[in-house]
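> Structure, please.
(chains A, B and C)
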Amino acid sequence: MTRTPAFGLSLAAALMGTTALAQDDPIRIGSIATLEGAFTVLGEEGMRGLELALEQAGHAAGGREIELISEASDATPDSAVQAARKLVENDGVDIVIGPLSGSEGIAIRDYSKTQPEVTFVNGASAAADTTLREPSENFFRFTTDGTQWMAGLGEYVIEEKGWTTVATVAEDYSFPYSQVMGFMLDFCEMGGTVPEKFWAPIGNKDYTSIVYSIPQDVDAIYVALGGSDAVNFLTQYQQAGGTKPMIGGSITVDQSVLSAEGRRRDYLVGTPTAGPIADNWDNPAWEAFQTAYREAYPDGLGSPSLFAHGYYVSTLAVLEGLNEVEGDLSDGQAAFREALATMTLETPTGEVTLDENRQAIADIFLTEVAMDEDGELYNEVIGVTEDVTQTLGMPREEFLALGPASRDNPSCP
Amino acid sequence: MARRAIDPRAAVALAALIAAPLVLTDFWLVQILGRALILGLIALGLTLLAGFGGMVSLGQMTVAGVAAYTVAILTTTGTGPALNLPALPAVLLALVLGMLAAGVIGLLAVRTSGIYTIMITLAIAVVFFYFTRQNYPLLNGFDGYAEVVPPEPWGRPAPFYYLCLAAAAAGYLWIARLVAAPFGLALQGLRDEPRRLESLGFDVYRHRIAAYLVAGVLASAGGVLLVWFNTRIDPGTVSLGPVIDILVIAVIGGLSHPVGAFVGALAFVLIDNFAVEALPAARERFNLIIGTFFLLVVLFSPDGLLGIWRRLMRPPQDAGSTARED
Amino acid sequence: MTLFMATLLNGLSLAALYFIVASGFTLIFGLMRIVNLAHGALYLLGGYVGFEVQRATGSWYGAVVAGFAAIAAVGLVLQLAVFRHMEGQELRQTLVSLALSIIAADLMLWVWGGDTYQITTPDYLFGAFPVGLPGLPMYPTMRLVTILVAVVVGIALWLFLTRTRLGMIIRAGVDDRDMVQASGINVHAVFAVTFAIGAGLAGLAGVIGGSVLSIAPGEDLRFLLISLIVVIVGGMGSVAGSALGALLIGLAEQFGLAYTPTYGVVYTFLILVAVLALRPQGLLGRA
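This next block holds a predicted model:
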């Protein structure tokens, strides 16, 4: 449950300064999710995951009650930092869980460096650089990044599907860059070629000109667009008579896109993709999570999206850490952070451990879109790539030497 | 002349603001007052343009963005050209480039007046936003610049607050004097009777562009402080939301007096931070609250919070003379 | 050749959509001098209304009619309840419309959430149509329909403005408002009808846009901006100007996207700046 102190109280706190919290006071956890603007649906999903985890733990961990204070951002880094400042500097939270999107994540990581007393646990943001370059001592990420999400996809596409020439269509910013990179590292290594990459400006709605620019001799199109952009592209591609098979980025065929209205549904069947979750993974822990989600949120999505999953896993990690140290956050939260850094976390999607940059090493699912008997689309599990590291198994130095993902990096025309 | 004497209310307010760090926490100092002073400074330029010059420009945040990006590009390491310049020359260049941007916006906008200005400046503001999102070599596109921090000790709460206060106070005093000076009177004349003043030999365009430049200085200074406040800049800072926020701030404060910009900014920041706590359902509905507040002000108090204040302060027997405003 | 022809048709069909939105905007502005910054919100609302009606009744044509009629009614209410009471106060009207657009956007987000909606079109409009152009044998039917709708709207507006008494009064009002007022015509009724038609066009465009593209939060601002740029370029208050402006902007956007995707949007800007510098009143606007 969300509890927010009254205005008068916070004014009094402002005038007196925050007092030190005693051991039996509630632990204050602040959450940041995109609850304003176009990403509201995703933010709501994130909060469902977070609140579900808290609910299951009875709003307590390590013998102490947990008080949740939630703040909204609008997916801009500025708003995320403002939310974090309010949580940390005004509400005096001990732990921050969030944010949701990539650039917000980098901004919160930078902010965390100025607040060494507070522990930050990523929500669902997936920019690689958040933990790959210039990591922060008190920023932990128990979820995988956009490059990791693509693990195994390139190999599958070449070996099983036999597609060796692929054009990419993606939005023109950092998250799709990292997705394309994750796909291409494997794909190019195994002899595949990407003759052309199309970067659509963010906010572009009319992809028809791109549709007609796609070379005729490619085997498939790799599409990393999210939300309304994916819907627009797919419709326009079909309307133009396009028939090339599609390879999906992690958010192109996310549950929130699969559940949306429209006619593109049939075409999506058979689209391979990879990501941190898989709707119908035949695994008791996942099914328990799915059932709990559906029971708690009957009007939520058909199956938890990767945002609900991300916040859920992150909150689990916090709860587990608090249990391990019995709610002891003294000494600059040293024991708690040590617990986080060394734990092996049981999640609905397998075990998660952290690397030396406090970045998750976790399993990635290779899936293909399928249709169930009710005509609902879901991602069917083809395989699981276990213990995917942030460098996709490469030595850290070698991976860093590849440079950050960009419009032109990597390249294998 | 009363104009020369310092208004006792202003003196009290200034004294309270100077003493603020003694009683307030860092959050209130920087996140509430500091941010209000910065936004107020940017909105102050709009008060001058719209309230006194009749030109509603939505370009203030864009100018602030130009200055903010300049500081970010010149002073950071790691991203973009990574020039790593000292702060002082970077700030000076930011002010110059910000003024230049204001001049260009002014040049494009003054040829059309009144209601057209709002359309043209809105279009310019949004196109600048799109440009920042697409340009990587210089502006680093979607991600923008991070870790843009002021030189020590200005990054610490109290010094940063005083920096904001000094800039805002200087801007306020400047504009307060300017609107009573011949330049300001001519500007108001141009707003009300452009043809008459033109026939008297006034150069309408020059006067108006000069006003844009003055507003540009304020916006640039605000932009420099804003990038230090956020410690970062990216397209979100100059997107349509913040662009319109500046107009909302100036209007809810009141356009008839330079102090309105700061009153509006404080109201805006307080709503932004605490609407949630007064009204728990409001977490996801910030825009509804600020939009309704804005609508009520425009509908019922054309002179914003200042107008409400004046009405409250006016002795009852004076109520008959409300229509006359001198 | 394929790319060129396709881009040309894309530009034309996008321009068609832009024209439908912008013609409503310019109509309201031309007569009443109201810069209706809620025009984009009306577009989006029209799209949502169309979506709901199509889903409830299964009729796409019903959605088109409902989108126009519902938003025209909203426009009528806006004019009678709000703008009528502040006639002549241009700045105040603009600020009120801005406030309304902020409120409307948040209310729509509340009701319809952040999801993307597409209005289902009849099956025969979904696929590709054999246009038989060099290099481009087939082209999406729905986009051709968009062009057709824009042409119909354009002709209807032209007939309305030149052949009906009301239309002539509106044109006279655009040219010289005081004169019309002085000649004893009930300007309030004329204003109300004009506002309703202008708003209705935004609603109609919303349904078309929601069918050929999609509707989602943020589209309101995009189409407001498009309307502003089209109208500035074409000339404020001129319906023909908005057609010309829409054509230029639509083509520039699509050719930019096809040939130089990174800075496609900058072409729009260059056109805007060139027009402002050389002909501030717009290409077909009066000084």
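> doesn't C:T164 make contact with C:V193?
No: using CB atoms under 8 Å, C:V193 is not in contact with C:T164, being 10.6 Å away. From N, CA and C alone the C-beta is placed, and that goes for glycine too.
> Those two: which is more packed in?
C:V193 (18 against 11; other CB atoms under 10 Å in any protein chain shown).
> Which residues are in contact with the more buried one?
Going by CB atoms under 8 Å, 6 or more residues apart in numbering or on different chains, C:V193 touches C:L166.
> at 10 Å instead, please
By CB atoms under 10 Å, 6 or more residues apart in numbering or on different chains, the residues touching C:V193 are C:L31, C:A72, C:G75, C:L76, C:Q79, C:L166, C:I169, C:I170.
> Just give the nearest non-adjacent residue to the second one, would you?
Spatial nearest neighbour of C:A72, excluding adjacent residues (CB to CB, 6 or more residues apart in numbering or on different chains): C:G200 at 3.2 Å.
> Am I right that the one you found is in a strand?
No: assigned with DSSP: H, G, I helix; E, B strand; the rest coil, C:G200 falls outside any strand and is helix.
> so how far is A:G152 from it?
Per CB to CB, to the nearest Å, C:G200 is found 53 Å from A:G152.
> what separates the lowest-mean-pLDDT helix or strand in chain C from the chain centre, distance-wise?
Counting by mean pLDDT, DSSP states H and E, chain C has its least confident helix or strand at helix C:177-182, which shows a mean of 76. Put simply, helix C:177-182 sits 27 Å off its chain's centre (CA atoms, centre = their mean, to the nearest Å).
> From the contacts of C:V193, list the buried ones, please.
C:L31, C:A72, C:G75, C:L76, C:Q79, C:I169, C:I170 (16 or more other CB atoms under 10 Å in any protein chain shown).
> I'd assumed C:G237 was in contact with the first one.
Yes: checked against CB atoms under 10 Å, the pair C:L31 and C:G237 is within contact range at 7.6 Å.
> thinking again about what came up before, now do the shared contacts for C:V193 and C:T164.
Going by CB under 10 Å, 6+ apart, residues that sit against C:V193 and also against C:T164 are C:I170.
> Among the contacts of C:V193, which lie within helices?
C:L31, C:A72, C:G75, C:L76, C:Q79, C:L166, C:I169, C:I170 (DSSP state H).
> as a whole number, average confidence for the strand or helix carrying B:I249?
Counting by DSSP states H and E, the element that carries B:I249 is helix B:240-253. Confidence for helix B:240-253, expressed as mean pLDDT, is 93.
> How far off centre is that helix?
Mean-position distance between helix B:240-253 and its chain equals 9 Å (CA atoms, centre = their mean).
> now do stretch A:180-197
22 Å.
> related to what we said a few turns ago, from the rest of the structure, what touches the least confident helix or strand of chain C?
C:31-33, C:88, C:169-174, C:176, C:185, C:187, C:190.
> With those residues in mind, say which one has the least confidence in the model.
C:V174 (72).
> What's the separation between that residue and chain A?
32 Å (CB to the nearest CB, to the nearest Å).
> and what of C:L12?
For C:L12, the distance to chain A equals 11 Å [CB to the nearest CB].
> Just give the closest residue to that residue, not the sequence neighbours.
Of all residues not flanking C:L12 in the chain, C:I147 sits nearest, at 5.8 Å (CB to CB, 6+ apart).
> residues contacting the one you found?
By CB under 10 Å, 6+ apart, the neighbours of C:I147 are C:L9, C:L12, C:S13, C:L14, C:A15, C:A16, C:L17, C:F19.
> May I have the phi/psi pair for A:A60?
Main-chain dihedrals, A:A60, degrees, to the nearest 10: phi -150, psi 150.
> which ones are touching it?
A:P26, A:I27, A:L54, A:I66, A:L319, A:L322, A:N323, A:G327.
> Show me the beta-bridge partners of it.
Taking DSSP bridges as the rule, A:A60 bridges to A:E65.
> contacting residues around B:L48?
Neighbours of B:L48 in contact, by CB under 10 Å, 6+ apart: B:55, B:57, B:171, B:174-175, B:178-179, B:184, B:187, B:211-212, B:214-215, B:218, B:250, B:255, B:258, B:261.
> Contact residues of the stretch 101-250 of chain A facing chain B?
Counting by CB under 10 Å from any CB of the partner chain, the stretch 101-250 of chain A comes close to chain B at A:102-104, A:106-107, A:109-111, A:113-114, A:127, A:129, A:133-134, A:171-177, A:199, A:201-203.
> Now which of these would you call buried?
A:102-104, A:106-107, A:109-111, A:127, A:129, A:171-177, A:199, A:201-203.
> in stretch A:334-349, what counts as buried?
Under 16+ other CB under 10 Å, the buried positions of stretch A:334-349 are A:A335, A:F336, A:R337, A:A339, A:L340, A:M343, A:L345, A:T347, A:P348, A:T349.
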